[in-house]
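S.K.: how would this look folded up:
(one chain, ligands or ions: 1)
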Amino acid sequence: MNTQKKIIIGSDHAGYEAKLKLIEKLQKNGWSVTDVGCYSTESCDYPVPVHKLCLRIQSGEFPLGILICGTGIGVSIAANKHRGIRAAVCSDTYSAEMTRKHNAANVLCMGARVIGDDKIAEITEVFLSNEPLDEERHQRRLRMISELEDGTFDEQKYE
Ligand code: RB5
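M.R.: Here you go, the predicted structure:
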């Protein structure tokens, strides 16, 4: 369980205002929140905050992160270029629960132009209150994803 209640969050300009509202809700619920930017609604390039956030998850400083852009898609594509990062775009609570349980997603991505502030808070709550399932079939698939990252995936081994 994510008992430390600390989380890292980032956004681009399209997700900035939604991020501020989410940070406020998280802090009210006792979370310590680190914001890696951006820090205004001025247009910016989302790979920058995404990279900052992913480095601090990769280092082990934070177990989980949240990224918000217009659709959630750009930040998820950029985040998933980082080894060990499993970023999932969620617009519903079922996906948020399943991506923690089955995919051990460690970064939640959402689109501020897709869903409203209440839905963002609801999805975040579900994401943060679920854990990866301790089941071999899911762990096997996660190992396969790591092999894809490392370039060691041998499809013949799995046929
Ligand atoms: C910014 O206009 C928008 O492209 C960005 O927030 C995001 O939706 C990209 O995937």
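S.K.: can we go C-alpha only for contacts and neighbour counts from here?
M.R.: Fine.
S.K.: Just give me the longest helix of the chain.
M.R.: Using DSSP state H to define each element, the chain has its longest helix at helix 136-150.
S.K.: Give the buried residues for that helix.
M.R.: His138, Gln139, Leu142, Met144, Ile145, Ser146 (16 or more other C-alpha atoms under 10 Å).
S.K.: and what of stretch 28-42?
M.R.: Val33, Asp35, Val36, Gly37, Cys38, Tyr39.
S.K.: Specify the next element, helix or strand, located C-terminal of the helix or strand Leu20 falls within.
M.R.: For Leu20, the host element (DSSP states H and E) is helix 16-28. Counting by DSSP H and E, the element after helix 16-28 in chain order, helix or strand, is strand 32-35.
S.K.: what about the helices in this structure?
M.R.: Listed in chain order, the helices of the chain (DSSP H) span 16-28, 47-58, 73-79, 93-101, 117-128, 136-150.
S.K.: where does the closest residue in space to Pro63 that isn't next to it in sequence land on pLDDT?
M.R.: Excluding the flanking residues, the one nearest Pro63 by C-alpha to C-alpha, 6 or more residues apart in numbering is Ile57, at 5.9 Å. Model confidence at Ile57, expressed as pLDDT, equals 98.
S.K.: wait, isn't Ile57 in contact with Ile66?
M.R.: No - between Ile57 and Ile66 there is no contact under C-alpha atoms under 8 Å: 10.8 Å.
S.K.: and among the helices of the chain, the most buried is which?
M.R.: Mean neighbour count (mean count of other C-alpha atoms under 10 Å) peaks for helix 73-79 among those, with a mean of 22.
S.K.: Mind checking if it is in reach of the ligand?
M.R.: Yes - contact between helix 73-79 and the ligand, assessed by C-alpha under 6 Å from any ligand atom, occurs at Ile73, Gly74.
S.K.: what sits up against that helix?
M.R.: 46-47, 50-51, 54, 67-69, 85-89, 109-111 (C-alpha atoms under 8 Å, 6 or more residues apart in numbering).
S.K.: one more time with 7 Å, if that's ok
M.R.: Tyr46, Pro47, Val50, His51, Cys54, Leu67, Cys69, Ile85, Ala87, Ala88, Val89, Cys109 (C-alpha atoms under 7 Å, 6 or more residues apart in numbering).
S.K.: Tell me how far Arg113 lies from the ligand.
M.R.: 8 Å (C-alpha to the nearest ligand atom, to the nearest Å).
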